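Engineer: Here is a sequence together with a model predicted from it:
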Amino acid sequence: NIRRGIKNSFETAFYDPDRRCVVDCSYHGEQSTNVNESAAASALWYGLLSDETAKAVIQAMYEEKTVQYVRSEPFFTWFVLRALVKHGRFDLAMRVIDERYIKLMVDQGATSAHEEWGINGSWRSGNYAGFMRTASHAWSACPAEFFLKVMPGIELLEPGCKRVRV
């Protein structure tokens, strides 16, 4: 089974035990030094790490903040929030919402969910530098879904909300 093979080999290939993080890539057994939050959140969300390793990654990245990484943009933060909750860290999910959506958007005057943390084009270069991003981006509104669905513990069990669990 390919899925089982990926899960069995993922941690060995991509987990850096010294830094307690998931690295961006592994090539011929050599791990990259680059770390991005999207890779870590995906590994946490899809269960590619042992419970012990998942706890170490969460502790290093979100509690101690000892790992430098490329932060996920707003739309991918859905996975970050869900991954933290999946591992019992609702407190850290709320901290992510506060540190990003509140401090980087609301406190900066946003009245909607921006496409990126910086509305002026963030890190992009070339023709996109300084190019304004979408100021109302549906995919970036994941805290609304989080507060309406995840926070109260509502789980949709069948399409069309025919069966739900609260």
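Structural biologist: Now that the structure is in, tell me what you want to look at.

Engineer: Just give the closest residue to residue 61, not the sequence neighbours.
Structural biologist: In this structure, residue 61 finds its nearest non-sequential neighbour in residue 67, 5.0 Å apart by CB to CB, 6 or more residues apart in numbering. Any C-beta I mention is one placed from the backbone N, CA and C, and that applies to glycine too.

Engineer: wait, is the one you found part of a strand?
Structural biologist: No: with DSSP: H, G, I helix; E, B strand; the rest coil as the criterion, residue 67 is located in coil rather than a strand.

Engineer: check contacts around it.
Structural biologist: 19-21, 35, 60-61 (CB atoms under 8 Å, 6 or more residues apart in numbering).

Engineer: In strands only, show me these.
Structural biologist: residue 21 (DSSP state E).

Engineer: give me the number of residues near residue 34?
Structural biologist: If you count neighbours by other CB atoms under 10 Å, residue 34 ends up with 12.

Engineer: cool, residue 118 as well?
Structural biologist: Neighbours of residue 118 using other CB under 10 Å come to 14.

Engineer: where does residue 47 land on pLDDT?
Structural biologist: Note on residue 47: pLDDT of 94.

Engineer: Distance check, it against residue 134.
Structural biologist: 32 Å (CB to CB, to the nearest Å).

Engineer: And residue 107, by the same measure?
Structural biologist: Applying CB to CB to residue 107 and residue 134 gives a distance of 20 Å.

Engineer: okay, these two: which has more neighbours?
Structural biologist: residue 134 (14 against 10).

Engineer: is it true that that one touches residue 114?
Structural biologist: Yes: using CB atoms under 8 Å, residue 134 is in contact with residue 114, at 7.0 Å.

Engineer: where does residue 120 land on pLDDT?
Structural biologist: 61.

Engineer: name the element the closest residue to residue 150 other than its chain neighbours belongs to?
Structural biologist: In space, and not counting its chain neighbours, residue 150 is closest to residue 85: 6.0 Å by CB to CB, 6+ apart. If you go by DSSP states H and E, residue 85 is part of helix 77-86.
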